[in-house]
Every structure is written in C-alpha cells, then in structure tokens.
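Undergrad: Predicted coordinates and the sequence they were generated for:
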Amino acid sequence: MNCLDIVILGATEIDTEFNVNVTTSSNGMIMGGSGGHSDTAAGSKLSIVVTNLMKSRLPIIKDRVITMTTPGESIDVVVTERGIAVNPRRTDLIEKLRLTNLPLVTIEELKKITEKITGVPKAVQTLEKIVAVVEYRDGSVIDVVRQVRHDNVRS
C-alpha cells in the first residue's frame with residue numbers, strides 16, 4: 001500500500017478539513033471496518049475520494065465528520081457531480097488542474113451548494129458510552145464511536 005500511485009476511495013461523509021468517514025453512516029451507526037481506507041490514502045501518491053454530494057437527501061460534506069476514519073492530510077482530491085475540490089495542501093495539483101476545463105471549487109463551496117438543496121441536518125446526538133475505537137495505521141487512536149441516542153436514529 002505504500003507504493004501505490006493513485007487510489008480512488010469512497011466516503012459516507014467528508015468535512016471541510018478533508019477528513020473522511022467510512023466507519024459510520026450519517027446517523028452515527030457503525031457500518032463496518034474501513035477496509036484499509038486510511039492505509040491506502042496515506043500510502044499513495046494521489047488519493048481521490050469520489051462521492052455524490054447528497055445521499056438520501058443528506059449532505060455528504062459537513063463541517064465535521066461524525067467519525068474520522070482517514071485524516072484530511074491524506075486526502076488530495078474530492079470529486080463530485082457538482083465540482084472537484086483539491087486539498088489546499090496540494091498546491092501542485094491546484095496549479096495543474098487550473099490549466100484544465102475541470103470544474104474546480106473549494107470544499108466549502110461544495111458544502112454550500114449541497115446545503116442550499118438539502119438544508120443543514122440536525123447534529124447526531126450521542127451518549128457518553130464509547131462503542132468502538134478508530135485506530136490509525138500506526139496504531140494510534142484517531143477517534144471513537146459513541147453510542148447513538150436511540151430516538152435519534154433515522155431510517
């Protein structure tokens with residue numbers, strides 16, 4: 001995984017710092033393991049997340065992901081049907097892509113576009129009880145999953 005040129009990954013949520021969630025759904029329920037999401041993102045020369053801006057009328061880009069699976073420093077590009085956002089850390093990519101006809105926007109612009117359509121969803125309410133721990137590729141804990149309030153779960 002540390003010798004990959006390009007990886008194309010998905011996301012259940014992305015935040016404006018390019019952090020990605022693939023561990024929990026937008027209602028905070030555990031979906032499963034990440035399957036090497038953070039490993040391949042960090043180990044590649046170019047990591048691309050491809051997603052729709054909305055899923056089931058919920059915005060994918062948020063101020064903060066519910067659960068961080070992959071830190072934003074490992075994500076280079078987010079591609080959606082409404083535009084492409086390049087992580088500001090990748091000035092080399094921004095310079096190259098500005099020379100194309102691709103629809104470049106900021107991650108904040110993608111968030112605004114979506115919220116204009118969907119509105120801003122209510123925050124997921126959790127309890128203090130930790131039900132899972134998210135470990136990064138080096139074994140450090142980068143996040144925890146807290147129990148979701150039962151009256152908060154959306155279908």
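TA: Nice, I can see it.
Undergrad: Can you give me the distance of Gln125 to Val134?
TA: From Gln125 across to Val134, the span is 20 Å (CB to CB, to the nearest Å). To be clear about C-beta, it is placed using only N, CA and C from the backbone, and glycine gets the same treatment.
Undergrad: quick one, which of those two is more surrounded?
TA: Taking other CB atoms under 10 Å, Gln125 and Val134 do not tie; Val134 has more neighbours (20 against 13).
Undergrad: Now that one: which helix or strand?
TA: strand 126-135 (DSSP states H and E).
Undergrad: Mind giving me the packing neighbours of that strand?
TA: When contacts are defined as 3 or more CB pairs under 8 Å, 6 or more residues apart in numbering; DSSP states H and E, strand 126-135 packs onto strand 141-148.
Undergrad: The strand it packs on versus strand 126-135: what angle between them?
TA: 150 degrees (axes from the mean of the first three to the mean of the last three CA atoms, to 10 degrees).
Undergrad: List the buried residues in strand 141-148.
TA: 142-143, 145-146, 148 (16 or more other CB atoms under 10 Å).
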